[in-house]
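Chemist: Kindly return the folded structure for what I paste below:
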Amino acid sequence: MKISRVLFRMAVIGALAGGVHANAQSPQTGSKSISDGTSEVADSPPAIPGRLISDRSAQQLDDSSTESAPAVEAEPKMLSLLPGTKVLSDTPATIGDESEEISVPSTLVAWPANEDGQDVAGTAPEAPPAPSDATTDACSGTGISSNCDSVLGGTSLLGRHRSALAGSSCNETYYWLDAEALLWFGDNLNAPPLVNTAAAGIVPLTGNQGVTQAFGGDNGIDTGLMPGYRFTFGTWLDSCRTVGVSGRVYGLFSGSSTFSQASTGGTSIGIPYIDYNSGLDAVYDIAYATGGVTHWEGDVTASNSLSMVGAEALGNFLVAGDQSHRITLLGGYGFNRLDNDLSIESFRINRLTGDLIPDGTTFDVSDNFSTSNTFHGGILGLQSDFRRGRFTIGSLAKVGFGNMHQLVNIAGSSTIVDGNTGAVTNLNSGVLAQPSNSGIVERDRFAFMPELGVKMGYDIRRNLQFTVGYTFLFWSDVALAGDQVNTMVDLLQQTNNPSLQFKESGYWMQGIDLGVTYRF
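Modeler: Residues are numbered from 1 along each chain as shown. Prediction:
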């Protein structure tokens, strides 16, 4: 009986060892459990891929006698269901019948191994391949779902950033065209008093009681509202809209300020100046009467005009942004020209009998001061756009830096017709523009042209937007007409006065911009 039991146990151990060895050679979809208590074999659930089984076990045989056979321990075997993986069993489990037990492994530990079976400690398992239907970012080439309205296709100059935004396409719009009407005004232009008026009998000298500075003077010259235009057009050069080119042309129609008045003596009118020889205030009378006697009658028209044109060619480089916010770096070339013209046209007739001037002699006098400022230089700036639904808010900050070519042209003329003989005399001098300061002079200066702007837009249709904005533009060094007037005058031209005074100053403009934007 004991011999039969020993033979039965040895048969069971041999079958168990052979089955485990077979599993090591050819992994099965399930594992077998053996129990002496029930004498039955049951299929266990299919093995999960990556589960590892070891046949290292402790075997112990004995029979009912007090003698016990020495324990037999099989050499451990490394089994793996996946190539390149070693396993070691840990805690044994037992299968026993009565007092006899057979030990089998229950806890398994897997270690990575190379093809030669050597452990590779600390090496993470290789990541599984990406699904075959993964979406590739069209702008960055990565496997992250994104679109061109993410940040630079996932890359920006300020750092890497990504936003998976649905519902957009890399091919939304490549071109844009902005057409705007400008309603701007500028700072008052500096100028000395150019025309004074006063009540009858009051000499219109600057500083006299009751004298009004009708044109120029302490308040300068108001240019008034200046209408203009601005067209911006551009295109993106890549499908992700990160690099583009744009151009802009803009200008203001001539804004003018004019004063005109005629008088037979009831109102005193004159062009004030300082007599160089005496250093005292003086006036060139156009209309004046005193004690009921008219000395001069005539009229005057003083006018000022200011105009501006400009053009730009820029590169556009997306710095950062997403579907709702984009920041673009601007860089390129800029041109600008600011022209200012100032003129005083006067006509007077001598009505005083008994002086050295024949009665009825006429004087037609013109004083003209013109300046032109032409800028060529580089431009650098940032443009930002924020979108929320149909609304957008944009901002612009840029500065031009380069050469400002300043030109000043001063000319005076007089036509005198003798009241007795009708003889005509033409002179190349006026009142403030004399031969001593007349002519054309020019020079170059380094200058800056900062520009700031904000704009709000509303989408009327998908690609059509109405905009309203504000712009501030500044010139650091420009020659303006009023600054070139020198009131220290020697009418007899016995000295070199008035002398040319080439002055420059800063100037600004600002205003409202109304426009439409079309993108396609």
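Chemist: Low-confidence ranges, the protein, go.
Modeler: Applying pLDDT under 70 to the chain flags the ranges 1-172.
Chemist: how does it look with 80?
Modeler: 1-173, 323 (pLDDT under 80).
Chemist: Direction included, what does the longest strand seen in the chain pair up with?
Modeler: Ranked by number of residues, the top strand in the chain under DSSP state E is strand 293-321. Its sheet considered, strand 293-321 pairs with strand 243-263 (antiparallel), strand 281-290 (antiparallel), strand 325-350 (antiparallel) by DSSP bridges.
Chemist: now those strands as a markdown table including distance to Gly201 and mean neighbour count?
Modeler: The C-beta positions use only the backbone N, C-alpha and C, and glycine is treated the same way. Converted to a markdown table, the strands paired with strand 293-321 look like this (distance: least, C-beta to C-beta, whole Å; neighbours: other C-beta atoms under 10 Å):
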| stretch | distance to Gly201 | mean neighbour count |
| --- | --- | --- |
| strand 243-263 | 12 | 17 |
| strand 281-290 | 5 | 22 |
| strand 325-350 | 18 | 20 |
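Chemist: closest to Phe401 out of these?
Modeler: With distances scored as C-beta to C-beta, the stretch of the strands paired with strand 293-321 nearest to Phe401 is strand 325-350 (9.2 Å).
Chemist: What's the first helix or strand after the closest one?
Modeler: Per DSSP states H and E, the first helix or strand lying C-terminal to strand 325-350 is strand 362-388.
Chemist: What angle do strand 281-290 and that following strand make with each other?
Modeler: If you take axes from the mean of the first three to the mean of the last three C-alpha atoms, to 10 degrees, strand 362-388 sits at 110 degrees to strand 281-290.
Chemist: which parts of strand 362-388 are buried?
Modeler: Using 16 or more other C-beta atoms under 10 Å as the test for burial, strand 362-388 gives 363, 365-375, 377, 379, 381, 383-385, 387.
Chemist: Give me the sheet partners of that strand and which way each runs.
Modeler: Here strand 362-388 is paired, per DSSP bridges, with strand 325-350 (antiparallel), strand 391-417 (antiparallel).
Chemist: can you put these in TSV and add distance to Ser263?
Modeler: Listed next are the strands paired with strand 362-388 as TSV, based on distance: least, C-beta to C-beta, whole Å:
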stretch	distance to Ser263
strand 325-350	10
strand 391-417	20
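Chemist: which residues does Val211 contact?
Modeler: The contact partners of Val211, by C-beta atoms under 8 Å, 6 or more residues apart in numbering, come to 196-198, 202, 204-205.
Chemist: Report the buried residues of the strand or helix carrying Leu177.
Modeler: Assessed by DSSP H and E, Leu177 sits inside strand 175-186. For strand 175-186, the neighbour count (16+ other C-beta under 10 Å) marks 176, 178, 180, 182, 184-186 as buried.
Chemist: Then stretch 192-201?
Modeler: For stretch 192-201, the neighbour count (16+ other C-beta under 10 Å) marks 192-198, 200 as buried.
Chemist: Just the ones of the contacts of Val211 in helices?
Modeler: Nothing among the contacts of Val211 maps onto helices, per DSSP state H.
Chemist: Tell me which of the strands paired with strand 293-321 approaches Asp359 most closely.
Modeler: Once these are compared by C-beta to C-beta, strand 325-350 is nearest, at 6.1 Å.
Chemist: who touches the nearest residue to Ser505 once chain neighbours are set aside in this structure?
Modeler: What sits nearest to Ser505 in space, not counting adjacent residues and going by C-beta to C-beta, 6 or more residues apart in numbering, is Asp483, at 6.0 Å. By C-beta under 8 Å, 6+ apart, the residues touching Asp483 are 190-191, 501, 503-505.
Chemist: about what we covered before: so can I have TSV of the strands paired with strand 293-321 showing distance to Ile416?
Modeler: Shown next, in TSV, are these (distance: least, C-beta to C-beta, whole Å):
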stretch	distance to Ile416
strand 243-263	20
strand 281-290	14
strand 325-350	10
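Chemist: Which one of those lies nearest to Ala433?
Modeler: It's strand 325-350; of the strands paired with strand 293-321, that one is closest to Ala433 (C-beta to C-beta) at 8.8 Å.
Chemist: between the closest one and strand 175-186, how many degrees?
Modeler: Going by the same axes, to 10 degrees, strand 325-350 makes 40 degrees with strand 175-186.
Chemist: any idea how far the residue lying closest to Asn316 once chain neighbours are set aside lies from Ala287?
Modeler: Nearest residue to Asn316, sequence neighbours excluded (C-beta to C-beta, 6+ apart): Gly244, at 4.0 Å. The gap separating Gly244 from Ala287 is 62 Å, by C-beta to C-beta, to the nearest Å.
Chemist: Thr212 too?
Modeler: Using C-beta to C-beta, Thr212 is found at 14 Å from Ala287.
Chemist: same question, Phe466
Modeler: Phe466 is 52 Å from Ala287, by C-beta to C-beta.
Chemist: now Asp367
Modeler: Here Asp367 is placed at a distance of 17 Å from Ala287 (C-beta to C-beta).
Chemist: And for Ile379?
Modeler: Distance, Ile379 to Ala287, by C-beta to C-beta: 51 Å.
Chemist: okay, stretch 441-452 in CSV with CA atoms only?
Modeler: Only the C-alpha atoms of stretch 441-452 are listed here, as CSV (Å, rounded to 0.1, in the frame of the first residue of the first chain):
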residue,chain,number,x,y,z
VAL,A,441,17.3,125.1,-47.4
GLU,A,442,17.3,121.5,-46.4
ARG,A,443,19.0,119.1,-44.0
ASP,A,444,18.8,115.5,-42.6
ARG,A,445,18.0,114.5,-39.1
PHE,A,446,17.6,111.1,-37.3
ALA,A,447,14.0,110.8,-36.2
PHE,A,448,11.5,108.5,-34.6
MET,A,449,7.9,107.9,-35.6
PRO,A,450,5.9,106.0,-32.9
GLU,A,451,2.4,104.9,-33.6
LEU,A,452,-0.3,103.5,-31.2
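Chemist: got the end-to-end distance for stretch 355-367?
Modeler: Start to finish, the residues bounding stretch 355-367 are 26 Å apart (C-alpha to C-alpha, to the nearest Å).
Chemist: Would you mind pulling the contact partners of that stretch?
Modeler: With contact meaning C-beta under 8 Å, 6+ apart, stretch 355-367 is reached by 271, 284, 343-353, 411-421, 430-433.
Chemist: Same question for stretch 490-498.
Modeler: Here stretch 490-498 makes contact (C-beta under 8 Å, 6+ apart) with 275-277, 429, 431-432, 434-437, 486-489.
Chemist: now with 6 Å?
Modeler: The contact list for stretch 490-498 (C-beta atoms under 6 Å, 6 or more residues apart in numbering) reads 276, 434, 436-437, 486, 488-489.
Chemist: Next: stretch 278-287.
Modeler: With C-beta under 6 Å, 6+ apart, stretch 278-287 has contacts from 204-206, 263, 265, 269-273, 275, 296-298, 300, 346, 348, 431.
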